[in-house]
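Q: need a 3D model of the following:
(one chain, ligands or ions: 1)
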Amino acid sequence: MPSPLPPTAPALSRRVAAATRNGLHATRAGLSNGRAHLGRVRHHARDMFSPLLHLGRGLRREAAWARTWWKEAPPDKRKAAAVGVAVSAVLLYFLPFGPLLALAAVMAGAAWMGRDRTPPPPPGPPPGDGRLQAVYNGLVPHLADDHDPAGLFVPGGEYAKAFEHHEFDGDRLTRLELRYSPYFTDDDPDARARIERVIEAKAGRAREYLYDWDTENNRLTVAALPPLPGPVPAQPYVTAPCEIVLGFTDASSTNRLIPVSMTPGGPAEPAGAPVDKAAGAPPAAATAPANGAPAANVHQLPPVIWRTGTRTNAPHLLAVAGPAAGKTTLLRTIALQALRDGDLIAIDATGSGDFAYLAGRVGVLRVDSTADQVRETLTWLHAETTRRAAAIGDAKAAGVPVPEDARRPLLVLLDEPAELADATGASASDVYELLDLPLRLGRTTHISVVTTARPTQLARLHPGLLGETHTRIALGPLDTDTLVAALGAEPGITGGDAMPPGRGYARLGAGPVIRLQTPYTPDPLEDDTPEPDRRRILDLLPDVVLAAGSRAPDAAPAGAAGAAAGAVSDGRPEGTVPVTTGLSGAGGGAPSLVKSH
Ligand SMILES: Nc1ncnc2c1ncn2[C@@H]1O[C@H](COP(=O)(O)OP(=O)(O)OP(=O)(O)O)[C@@H](O)[C@H]1O
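A: Residues are numbered from 1 along each chain as shown. Here you go, the predicted structure:
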C-alpha cells in the first residue's frame, strides 16, 4: 500500500491555524467556566464567614473611631483617657473573668459598630406611574383647555390631578377613571373617538376597552375587558322555546348564565339547568353527564339570547360581517336552534350552497338558490303572512285559540338580499315590497327574517328593512362608521388587536351594544370539518325526510297539508310539513318580483 503523501505547506499552515483556534476556544471556555466557579466559591465563602466579616468591620470602625477621637481630643483629655484605660486594664486584670468581660465588651461594641448602615433606597415611583403619565401626556393636546378652572390637563402637568382612580394587573392598566374639562365636547363622536384612540394607544392595543362616558359629571371610565370564552362547540342550549343563543358575552352584559359544554367532541346533551346569576351560582363546574359518557367540561357562560315570536320587540335580525368573519357560521347556529321550535326557509342569494346541509330535513320548508325559486318563495312568504294574520284575526274575533298552523314559528334566512336584487334583476324596493309585510307583521304572525349584508353592501339595503330589523350583529373588524350603521349605535368598545372569526358585537332592540363570540358551528358537508364536529352538527339537525314521502304542498299554509308521510322518526309536532321541492299557492294579490329574463 502506498504511503500517504506528506501535507503541503499551505495545508499544514491551515491545520496549525485550526488547531490554534480550537485551543483558543477551549482556553476561553475554560476561563469563563473558571470565573463562574470562582464567583460561586466567593458567594458561599461570604455567606459562611459573614459573622466574622461583620465583627471585623466593627473592630475596624471602633479603631477608626478611637484614632479620630485621640487625634481631635485636647491633651488633658487624652491624658485622663490614658489613665482611665490603664486603671481599667489593671482592675480588669485582677477581677475574676475580667479580661474575658473586657473582650466580650469590645466584641459587642464591634458587633454594634459593624452593622450595615447603608440607608434603604428611597421609595421609587408607584407601579405604572410612567404609563399613567404617558396616557395623561397623550390626552393633553385633546383635553387641555385654557378655560378649565381646575386646569386638569395642562402641558407638563401631573396625571394625579385628572386621574381619580386606576387599577393595574401587573404592568397592564385595567381600569382608569378620569375627570375632564366641562368645556370638552363629549357629545361629539369624533372628539370621543380621538380620546379613545389615545388611551388605547398608550394603555396597550392588545385588549379591548369599554368606555363609559358620564357626560353629566364630565367623567370617563375606561375598563379593559377580559377575553371572551374561546370557541364554544355547537350543542343544544338550555333555553326556553323561541329563544336562540347567538353566542356568548361578558358576564356584566347579561343577568343570565347557561351551562355550556366546552369539550369539542363531548356529548351533545343539555348540560344542566340554566342559572340565574342573582342566585349566586358558581361560574364553572365539571360535571359528569348522566349517560355515562366521559365528564364534559361544563361552564356557566353568559349567553346572548335572541327571542323570536310574540315575546319580543325585535323579531328580525340583521348580521353585518366582513369576508370570513363568521356570518355563515352564525346562520348555521341560528338555523339549528330555530328548527327545534318551528320551520325554516333558507334563501341563498349568493349561490354559495352554504345551506345545502339543510335540504331535506324535517321542518326545512325550502332551500333556494336560483332566482326563480327565490322569487317564488318571497311571493309565497308574503301570501303566508297575510294568511296567518287573517287566521289570527279571525280566531281572536271568534274567541277561539289561534290555529297551530298560524302560529308555528317560521324563520326565514335571507343571505345577502343585496345580492338577491342583482340575481333576480329586481331592485331593492322590489325585494322589500315582498318582505315588507313579513317584517311588519313578523311578531304577531311568528315569522322572523334573518338578513345579512357585507359592509360594502350595507348602504344598498332598503331603509324599510333596516327600520324593521332591530336585532343587530356586526362580526369581524369593522370601522366605526360601519359599526354605527350596522348596530344603530356606537359600540363604546374599541381595541383588540385581532378579531377571531365569530367575534363581534350584538345589539338587541334598543339595548346597549355588547360583545359577542358566536359558537363554532361548522358546515357538516365541508371536507375540512373535523369528524367529531360533523357528528355533533348532524346530531343537532332534524331527521331527513324520505324522498318518497317528500312532496310539495298543494296549498301555501305550512301546516295545512297535514303531517308529511315519510319523515324518519319525526318526533316533531303534528302539522309540520317537510317541503323540499317548492312552495306554491301564493296569494293572488301578492306582489311578485320582476322576472330577470
Ligand atoms: N365562532 C367561530 N368559532 C370558530 N371558528 C369560526 C367561528 N365562526 C367562523 N369560524 C371559522 O371562520 C371561517 C369563516 O367562517 P364563515 O364561513 O362562517 O365566514 P363567512 O363570513 O360566512 O365567510 P364568507 O362569507 O366570506 O365565506 C371558517 O373556517 C369557520 O370555521
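Q: how about the residues of the stretch 401-550 of the chain near the ligand?
A: P501, G502, T518, P519, Y520, P522 (Cβ under 6 Å from any ligand atom). For every residue, glycine as well, the C-beta is placed using N, CA and C.
Q: tell me how many other residues surround F355.
A: 24 (other Cβ atoms under 10 Å).
Q: same question for T529.
A: Neighbours around T529, by other Cβ under 10 Å: 15.
Q: for the residues of the stretch 401-550 of the chain next to the ligand, which one is nearest L31?
A: P501 (56.0 Å; Cβ to Cβ).
Q: any idea of the pLDDT on the closest one?
A: For P501, the model assigns a pLDDT of 91.
Q: same check, this time on G464
A: For G464, the pLDDT comes out at 89.
Q: cool, P123 as well?
A: For P123, the pLDDT comes out at 72.
Q: cool, and T444?
A: Confidence for T444, expressed as pLDDT, is 93.
Q: so where does it fall, helix or strand?
A: Using DSSP states H and E, T444 sits within helix 442-445.
Q: export that helix as CSV, just CAs?
A: The C-alpha trace of helix 442-445 is given here as CSV (Å, rounded to 0.1, in the frame of the first residue of the first chain):
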residue,chain,number,x,y,z
GLY,A,442,-93.5,39.3,12.0
ARG,A,443,-94.1,39.5,15.7
THR,A,444,-97.8,38.6,15.5
THR,A,445,-97.5,36.0,12.8
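Q: from the contact counts, what lies against it?
A: Under the contact criterion of 3 or more Cβ pairs under 8 Å, 6 or more residues apart in numbering; DSSP states H and E, helix 442-445 touches helix 371-398.
Q: beyond the helix it packs on, next helix or strand please.
A: Downstream of helix 371-398, the first helix or strand assigned by DSSP H and E is helix 404-407.
Q: from the middle of its chain, how far away would that following helix be?
A: 40 Å (Cα atoms, centre = their mean, to the nearest Å).
Q: what of stretch 319-326?
A: Distance of stretch 319-326 from the chain centroid (Cα atoms, centre = their mean) equals 16 Å.
Q: for stretch 146-160, same thing?
A: From the chain centre to the centre of stretch 146-160 is a distance of 35 Å (Cα atoms, centre = their mean).
Q: for the stretch 401-550 of the chain, which residue gets nearest to the ligand?
A: G502 (2.4 Å; Cβ to the nearest ligand atom).
Q: for that residue, give me its contacts.
A: P231, G247, A325, G326, T329, L330, L475, Q517, T518, P519, Y520 (Cβ atoms under 8 Å, 6 or more residues apart in numbering).
Q: repeat for D436
A: By Cβ under 8 Å, 6+ apart, the neighbours of D436 are G464, E468.
Q: which strand or helix spans it?
A: For D436, the host element (DSSP H and E) is helix 428-440.
Q: quick one: that helix to helix 371-398, angle?
A: For helix 428-440 against helix 371-398, the angle by axes from the mean of the first three to the mean of the last three Cα atoms, to 10 degrees is 30 degrees.
Q: please state the offset of helix 428-440 from the chain centre?
A: How far helix 428-440 lies from its chain's middle: 36 Å, per Cα atoms, centre = their mean.
Q: again, but for stretch 530-537
A: Distance, stretch centre to chain centre, for stretch 530-537: 24 Å (Cα atoms, centre = their mean).
Q: quick one: mean pLDDT for it?
A: 93.
Q: just the C-alpha atoms of it, please, in PDB.
A: Only the C-alpha atoms of stretch 530-537 are listed here, as PDB (Å, rounded to 0.1, in the frame of the first residue of the first chain):
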ATOM      1  CA  PRO A 530     -63.400  17.600  11.900                       C
ATOM      2  CA  GLU A 531     -65.300  14.300  12.300                       C
ATOM      3  CA  PRO A 532     -66.500  14.900  15.900                       C
ATOM      4  CA  ASP A 533     -67.800  18.400  14.900                       C
ATOM      5  CA  ARG A 534     -69.500  16.900  11.900                       C
ATOM      6  CA  ARG A 535     -71.200  14.300  14.000                       C
ATOM      7  CA  ARG A 536     -72.200  16.900  16.600                       C
ATOM      8  CA  ILE A 537     -73.900  19.100  13.900                       C
END
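Q: can you list contacts of that stretch?
A: Contacts with stretch 530-537, where a contact means Cβ under 8 Å, 6+ apart, come from 233-235, 264-265, 268, 332, 336, 357, 520-524, 529.
Q: and the residue of the stretch 401-550 of the chain closest to the ligand, how far from G442?
A: 26 Å (Cβ to Cβ, to the nearest Å).
Q: and for V431?
A: 16 Å.
Q: for I305, same thing?
A: For I305 relative to G442 (Cβ to Cβ), the value is 18 Å.
Q: in terms of neighbours, single out the busier of those two.
A: The neighbour count for I305 versus G442, taken as other Cβ under 10 Å, is higher for G442 (25 against 19).
Q: my guess is that one contacts S448, does it?
A: Yes: between G442 and S448 there is a contact under Cβ atoms under 8 Å: 5.8 Å.
Q: check contacts around the closest residue to the ligand within the stretch 151-300 of the chain.
A: Closest residue of the stretch 151-300 of the chain to the ligand, Cβ to the nearest ligand atom: P231 (3.9 Å). By Cβ under 8 Å, 6+ apart, P231 lies in contact with G502, Q517, P519, Y520.
Q: again with S88
A: A102.
Q: any low-confidence regions in the chain?
A: 1-13, 16-20, 22-27, 29-30, 32, 124-125, 264-296, 421-428, 496-497, 546-597 (pLDDT under 70).
Q: and the spatially most central residue of it, how close does it get to P302?
A: With distances taken as Cα atoms, centre = their mean, L228 lies nearest the centre of the chain, 3.1 Å away. Distance check for L228 against P302: by Cβ to Cβ, it reads 9 Å.
Q: find residues that contact each of the two.
A: Common neighbours of L228 and P302 (criterion: Cβ under 8 Å, 6+ apart): F248, T249, D250.
Q: can you tell me which of these is closest to G109?
A: Within the shared contacts of L228 and P302, the smallest distance to G109 is 66.2 Å, found for D250 (Cβ to Cβ).
Q: residues from the chain in reach of the ligand?
A: Residues of the chain found near the ligand (Cβ under 6 Å from any ligand atom) are 231, 321, 323-329, 501-502, 518-520, 522.
Q: could you flag which of those residues are buried?
A: Restricting these to buried positions leaves 231, 321, 325-329, 501-502, 518-520, 522, with burial counted as 16 or more other Cβ atoms under 10 Å.
Q: give me the contacts around the helix or strand encompassing A134.
A: Assigned by DSSP H and E, A134 falls within helix 129-143. Residues outside helix 129-143 that contact it (Cβ under 8 Å, 6+ apart): 152-155, 157-159, 162-163, 166, 171, 173, 176, 178, 180-181, 184, 191, 194-195, 198-199, 201-203.
Q: restricted to helices, list those.
A: The helices, defined by DSSP state H, take in A191, R194, I195, V198, I199, A201, K202, A203 from the contacts of helix 129-143.
Q: among those residues, which pair sits farthest apart?
A: For these, the maximum inter-member distance is 18.8 Å, found between A191 and A203 (Cβ to Cβ).
Q: more neighbours, the two?
A: Neighbour tally, A191 and A203, criterion other Cβ under 10 Å: the higher count belongs to A203, 23 against 14.
Q: how near is that one to G128?
A: A203 sits 10 Å away from G128, going by Cβ to Cβ.
Q: need the overlap of contacts for these two.
A: Counting by Cβ under 8 Å, 6+ apart, the residues touching both A203 and G128 are L173.
Q: just grab the bridge partners of L257 for me.
A: Beta-bridge partners for L257, by DSSP bridges, are V275.
Q: these two touch, right, it and Q300?
A: Yes: shown here, L257 and Q300 form a contact pair, counting by Cβ under 8 Å, at 4.0 Å.
Q: OK, contacts around A89?
A: By Cβ under 8 Å, 6+ apart, the contact set of A89 is A102.
Q: many thanks, have a good one.
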